[in-house]
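Peer 1: Sharing a sequence plus its predicted fold:
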Amino acid sequence: QVQLVESGGGLVQAGGSLRLSCVASGRSLRFSDYVVAWFRQAPGKEREFVSHVSWTGAPTYYADSVKGRFTISRENAKNTVYLQMNTLKPDDTAVYYCAANQGADGLRSSTQYNYWGQGTQVTVSS
């Protein structure tokens, strides 16, 4: 069993930046065995893929809507994945979730992830 806890959300003006963190824990956890992704869900919308990082930190994948603005990274020694979000837009407002899986790399569907955090709210004002 893996527990994921997100942090770093908040209220920011358009054009600003935030860094989200996702810390994993669990009995006998070997974090490098897991691929990790970020998803987001805005009110009234479906949960959507944002970014994904492979076991060792590369390769990484991004949704077209965030490419060039967001950067995903991981520190396996700290059981942590980060999402650096720059040049934020009001459309980025959502609850952001991290998810983990021991399965294949590059997965973009939320149904393919077994472990989820509780989410952290990101609000971007115009």
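Peer 2: Structure's in. What do you need?
Peer 1: Count the neighbours of the nearest residue to Ala42 once chain neighbours are set aside for me.
Peer 2: Distances taken as Cβ to Cβ, 6 or more residues apart in numbering place Ala94 nearest to Ala42, at 4.2 Å, with adjacent residues excluded. For every residue, glycine as well, the C-beta is placed using N, CA and C. Number of residues near Ala94 (other Cβ atoms under 10 Å) recorded here: 22.
Peer 1: what's the answer for the one 3 residues further on, then?
Peer 2: One way to gauge burial is a neighbour count; for Tyr97, by other Cβ under 10 Å, it gives 23.
Peer 1: mind listing the strands for the protein?
Peer 2: Along the chain, the segments classed as strands by DSSP state E run 3-7, 10-13, 18-25, 35-41, 48-53, 60-62, 70-75, 80-85, 94-101, 115-116, 120-125.
Peer 1: Export these to TSV and append columns for mean pLDDT and distance to Arg108.
Peer 2: Listed next are these as TSV, based on pLDDT from 0 to 100; distance: least, Cβ to Cβ, whole Å:
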stretch	mean pLDDT	distance to Arg108
strand 3-7	98	18
strand 10-13	98	26
strand 18-25	98	17
strand 35-41	97	8
strand 48-53	97	4
strand 60-62	96	7
strand 70-75	98	13
strand 80-85	98	15
strand 94-101	97	11
strand 115-116	97	15
strand 120-125	98	20
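Peer 1: Adding distance to Leu107, write the ones you listed out as CSV.
Peer 2: CSV is the format used below for the strands of the chain (distance: least, Cβ to Cβ, whole Å):
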stretch, distance to Leu107
strand 3-7, 16
strand 10-13, 28
strand 18-25, 16
strand 35-41, 7
strand 48-53, 7
strand 60-62, 9
strand 70-75, 14
strand 80-85, 14
strand 94-101, 6
strand 115-116, 13
strand 120-125, 21
